[in-house]
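S.K.: quick one, fold the following:
(one chain, ligands or ions: 2)
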Amino acid sequence: MKQEPARARITRADGIPALQGREDVRPLIGCIADDHTGATDVASAIRGRGLSTALVFGPPSGDRPLPEAEAVVIALKSRTLPTQEAVALSLAAQRALTAAGVPRTYVKYCSTFDSTAEGNIGPVTEALLAATGAGAALACPAAPANGRTVYRGHLFVGDVPLAESPMRHHPLTPMTDSDVTRLLARQTAEPVALLSRPHVATGADAARARLAELRAEGARHVVADAVDEGDLDVLGEVARDHRLVTGAAGLAAGLAAALRTGRPPGAYSTADPEPEPDPDGPAAVLAGSCSTMTLRQIEHARAVMPSRRLDPLELTDPGELDRVRAWVDAHAGAGPVLVYASQSPEERRAAQGRLGTAETARLVEHALAETARHLVDNGVRRLVVAGGETSGAIVGALGIDAVRVGREVDAGVPWTTAAGGLALLLKSGNFGAPDLFTRALSGRP
Ligand SMILES: Nc1ncnc2c1ncn2[C@@H]1O[C@H](COP(=O)(O)OP(=O)(O)O)[C@@H](O)[C@H]1O
Ligand SMILES: O=C(O)[C@@H](O)C(=O)COP(=O)(O)O
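M.R.: Ligands and ions are numbered 1, 2, ... in the order given. Next up, the predicted model:
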């Protein structure tokens, strides 16, 4: 492989649309995302509704300002952290948003409501309710573009309830209940209520009236039903008046659309001023997601590119990483390579039984992050990464702290570009078509 260091630490201003000097641009939404793939998903959804959108990784350190954009997404890696740490990071992100004068906060979690046993969504929302002074938080994980809908408080993944979907086998956040109100009620001592579909489907006024009733009864967290984009547009209109809203990319898009409506045309930069060419250059795929869709994508990619599987038990041997690097050096010259740890629930059992779930995940994330560093140090310019925690580990190891968001390859999966030109496709475990890896790297739409 070419020995050309491509890694560059970037500053927050790099790669973000330049809005300086535009008096008509002011921050409208600050988004705090609990993982990195969720952050690219929500940034892409908001940008797609016409707001200029900046994506930064981690709460800004020191007195570094946030980039100027109508929507600022701060990506955390807080989904699986101990709750106190997740709350502290989210509050740090909120302080940066408050300092930048951002009037409303959107807490982005997974469209499958991914939570650890203790659950961070409730405590983070509670802390942000207090920090923003909001009266209640509207919550809706629906994302119809990716088949997630909420009806009578129950979350569906395609045709099945969440607890019957492959999410019941997630290595870190297995989801075994489909009722979002019940899931949330387990994570907070504050009252949780349901804004059900009949009140949403009849429009924003009806939804507002019902919400007012629920609040008068003491609700602090209001889970809303949404089965299609129309419902999310109604909820977005309602959410426009709120200081704190939570959900997946669907409601964020509805909110962005509502914020855009009725503003003078000059007040917004276009979301996609010019179609950008897809990134080019040496490429690799790194997968740590064990989702059913990622396993299919790996199977598809293995047929056309050299692949190396990481075995968590072998990773306990310090020499294993050197062997992986040597494999990369031997194979990465001729075209994209695939390095993956992903396994089915049955295959994962041996390592998780011996090492424990958290230690297995830590070993795998570290190995994939070190492999990413090696690839980039040796000339790779395009990285496809499967998995939210995995993406967090890799982005952290590469020292990237902001990216520009580009074209979506599949729903919720946009190309992003860091300063220095490194292109990253951070893919949620569940998202994308089976041929995503190969299609993204072929440059075909
Ligand atoms: N073979 C394996 N055994 C156990 N855990 C694994 C294995 N492969 C990957 N993991 C871990 O599973 C987790 C998957 O989470 P994540 O990257 O967020 O994927 P997703 O987007 O599907 O949720 C990561 O922490 C990863 O390190
Ligand atoms: O909302 C979603 O489904 C995604 O944006 C998301 O949060 C991705 O998380 P992972 O499945 O852990 O990648």
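
S.K.: would you mind listing what in the stretch 251-400 of the chain touches ligand 1?
M.R.: 288-291, 312, 341-343, 348, 351-352, 360-361, 364-365, 387-390 (CB under 6 Å from any ligand atom). Just so you know, the C-beta spots here come from the backbone N, C-alpha and C atoms, and that holds for glycine as well.

S.K.: narrow those to those in helices?
M.R.: Counted as lying in helices by DSSP state H, out of those, are 348, 351-352, 360-361, 364-365, 388-390.

S.K.: can you pull the contacts of Gly62?
M.R.: The contact partners of Gly62, by CB atoms under 8 Å, 6 or more residues apart in numbering, come to none.

S.K.: where does pLDDT dip in this structure?
M.R.: Counting by pLDDT under 70, the ranges of the chain that qualify are 1-25, 262-276, 444-445.

S.K.: again, only using 50
M.R.: For the chain, the stretches flagged by pLDDT under 50 are 1-22, 270-272.

S.K.: the longest strand anywhere in it pairs with which strands?
M.R.: The longest strand of the chain (DSSP state E) is strand 402-410. With DSSP bridges as the test, strand 402-410 is paired with strand 53-57 (antiparallel), strand 413-418 (antiparallel).

S.K.: send me it as CSV with only the CA atoms.
M.R.: What follows is strand 402-410, C-alpha atoms only, in CSV (Å, rounded to 0.1, in the frame of the first residue of the first chain):
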residue,chain,number,x,y,z
ALA,A,402,-16.3,17.4,12.5
VAL,A,403,-17.5,16.4,9.1
ARG,A,404,-19.4,17.8,6.2
VAL,A,405,-22.5,15.8,5.4
GLY,A,406,-23.0,14.8,1.7
ARG,A,407,-25.2,12.5,-0.4
GLU,A,408,-27.2,9.7,1.1
VAL,A,409,-26.3,6.3,-0.4
ASP,A,410,-29.4,4.7,1.3
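
S.K.: now that strand: how far from the chain's centre is it?
M.R.: 12 Å (CA atoms, centre = their mean, to the nearest Å).

S.K.: check stretch 309-327 too.
M.R.: Its chain's C-alpha centre and that of stretch 309-327 lie 28 Å apart, by CA atoms, centre = their mean.

S.K.: end to end on it, go ahead and measure it.
M.R.: 11 Å (CA to CA, to the nearest Å).

S.K.: tell me the spacing between whatever residue of the stretch 51-200 of the chain ends up closest to ligand 1 and Ala361.
M.R.: With CB to the nearest ligand atom as the measure, Pro171 is the residue of the stretch 51-200 of the chain nearest to ligand 1, at 3.9 Å. The gap separating Pro171 from Ala361 is 6 Å, by CB to CB, to the nearest Å.

S.K.: for Ala369, same thing?
M.R.: As judged by CB to CB, Ala369 and Ala361 stand 12 Å apart.

S.K.: what's around Ala99, how many residues?
M.R.: When neighbours are defined as other CB atoms under 10 Å, Ala99 has 12 of them.

S.K.: picking up where we left off before, now do the phi/psi pair for the residue of the stretch 51-200 of the chain closest to ligand 1.
M.R.: phi -60, psi -30 (degrees, to the nearest 10).

S.K.: right, and it touches Ala351 too?
M.R.: No - look at Pro171 against Ala351 with CB atoms under 8 Å: they stay out of range, at 10.2 Å.

S.K.: quick one: the strands in the stretch 201-350 of the chain, in order.
M.R.: For the stretch 201-350 of the chain, strands defined by DSSP state E, counting those that start in this stretch occupy the ranges 221-224, 244-247, 283-287, 307-309, 337-340.

S.K.: between these, which gets nearest to Val376?
M.R.: Closest to Val376 of those is strand 283-287 (CB to CB; 8.9 Å).

S.K.: packing partners for that closest one?
M.R.: Applying 3 or more CB pairs under 8 Å, 6 or more residues apart in numbering; DSSP states H and E, one finds that strand 283-287 contacts helix 292-302, strand 337-340, helix 357-377, strand 382-386, helix 388-398, helix 436-442.

S.K.: give me that answer again for 7 Å
M.R.: Using 3 or more CB pairs under 7 Å, 6 or more residues apart in numbering; DSSP states H and E as the contact criterion, the elements in contact with strand 283-287 are helix 292-302, strand 337-340, helix 357-377, strand 382-386.

S.K.: quick check, that strand touching ligand 2?
M.R.: No - contact of strand 283-287 with ligand 2 (CB under 6 Å from any ligand atom) is absent, the minimum separation being 11.2 Å.

S.K.: can you list the buried residues in stretch 83-99?
M.R.: Neighbour counts using 16 or more other CB atoms under 10 Å place 83, 86-94, 96-97 of stretch 83-99 among the buried residues.

S.K.: out of those, which sit inside helices?
M.R.: Secondary structure defined by DSSP H assigns 83, 86-94, 96-97 of these to helices.

S.K.: would you mind writing the CA trace of stretch 292-299 as PDB?
M.R.: Presented in PDB, the C-alpha positions along stretch 292-299 are these (Å, rounded to 0.1, in the frame of the first residue of the first chain):
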ATOM      1  CA  THR A 292     -29.100  -9.000  10.600                       C
ATOM      2  CA  MET A 293     -28.700  -6.400   7.800                       C
ATOM      3  CA  THR A 294     -25.000  -5.900   8.400                       C
ATOM      4  CA  LEU A 295     -24.500  -9.700   8.300                       C
ATOM      5  CA  ARG A 296     -26.200  -9.700   4.900                       C
ATOM      6  CA  GLN A 297     -24.100  -6.800   3.700                       C
ATOM      7  CA  ILE A 298     -21.000  -8.600   4.800                       C
ATOM      8  CA  GLU A 299     -22.000 -11.700   3.000                       C
END
